[in-house]
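Enquirer: need coordinates for the below:
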Amino acid sequence: MAIRPIITLPDPRLRLVSEPVATFDGELQLLLDDMLETMYEAPGVGLAAIQIAVPKRIVVADATRGDEPKNPMFFINPEIVWASEELFVYQEGCLSVPDYFEDVQRPARVRVRYLDRMGATQEIEADGLLATVLQHEIDHLEGGLFIDHLSRLKRERVVKKFAKAAARAAPVAPVADKVEA
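Expert: Residues are numbered from 1 along each chain as shown. Okay, here's the model as predicted:
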């Protein structure tokens, strides 16, 4: 297992739509383990494969808190098949939008159909934090970010802030001296 680098805003790969997983092999198992280790190290409660620059429809999650025993979950090709009309507001953050948190309103409960790490079809009904995590991570698979649920003004401010930070962090090419003949 290895910790992989997490890509951050404004990296355009975060806006890619991820491709379905078709092959369940050792490479996939290694990717799932790396994603889990990366998520725990960050630390986070969910991670989509695109966040480590792998455009595959894969999510790992663990919505346990504090001293609760870890409960790693793997969702391959997940899709929301039902969402409640009741809404829930949770202050979300994202490993790809570091150190920024904002209230986001989403359905309070969802039912998600997915393949487990062995390729078997599963379904889970989630509420509370796990429902929020699943919706957040499935958004990533469609090229979405939690900031897309904010007002246009807030979203533009966040994008501008991260674009400026990326520009400041980019290496500057040395300016060549003019040579006159």
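Enquirer: from residue 49, how far out is the closest residue to residue 118 other than its chain neighbours?
Expert: Excluding the flanking residues, the one nearest residue 118 by CB to CB, 6 or more residues apart in numbering is residue 24, at 6.8 Å. Just so you know, the C-beta spots here come from the backbone N, C-alpha and C atoms, and that holds for glycine as well. When CB to CB, to the nearest Å is applied, the distance between residue 24 and residue 49 equals 14 Å.
Enquirer: of those two, who's got more company?
Expert: When neighbours are counted by other CB atoms under 10 Å, residue 24 and residue 49 differ, and residue 49 comes out ahead with 25 against 15.
Enquirer: ok, that one - contacts?
Expert: Going by CB atoms under 8 Å, 6 or more residues apart in numbering, residue 49 touches 18, 31, 35, 55-59.
Enquirer: ranges for the strands of the protein?
Expert: For the chain, the strands defined by DSSP state E cover 46-48, 58-61, 73-83, 87-94, 97-107, 109-115, 121-127.
Enquirer: give me the sheet partners of the fourth one and which way each runs.
Expert: Looking back up the chat, that one is strand 87-94. With DSSP bridges as the test, strand 87-94 is paired with strand 97-107 (antiparallel).
Enquirer: average pLDDT for the partner strand, rounded please.
Expert: Confidence over strand 97-107, taken as the mean pLDDT, stands at 97.
Enquirer: ok, now stretch 168-180?
Expert: Taken as a whole, stretch 168-180 has a mean pLDDT of 63.
Enquirer: and for stretch 28-37?
Expert: Here stretch 28-37 scores 98 as its mean pLDDT.
Enquirer: what's the distance between the spatially closest residue to residue 48 that is not a sequence neighbour and residue 26?
Expert: Leaving aside its chain neighbours, residue 48 sits nearest to residue 140 (3.5 Å; criterion: CB to CB, 6+ apart). Taking CB to CB as the measure, residue 140 and residue 26 are separated by 24 Å.
Enquirer: which of these two has more neighbours?
Expert: Set side by side, residue 140 and residue 26 show more neighbours around residue 140, with 24 against 7, by other CB under 10 Å.
Enquirer: now do the contacts for the more buried one.
Expert: Residue 140 makes contact with 14, 18, 48, 50-51, 59, 96 under the criterion CB under 8 Å, 6+ apart.
Enquirer: please repeat the previous calculation with a cut-off of 10 Å.
Expert: Contacts for residue 140 were tallied using CB atoms under 10 Å, 6 or more residues apart in numbering; they are 14-16, 18, 46-51, 57, 59, 94, 96, 146.
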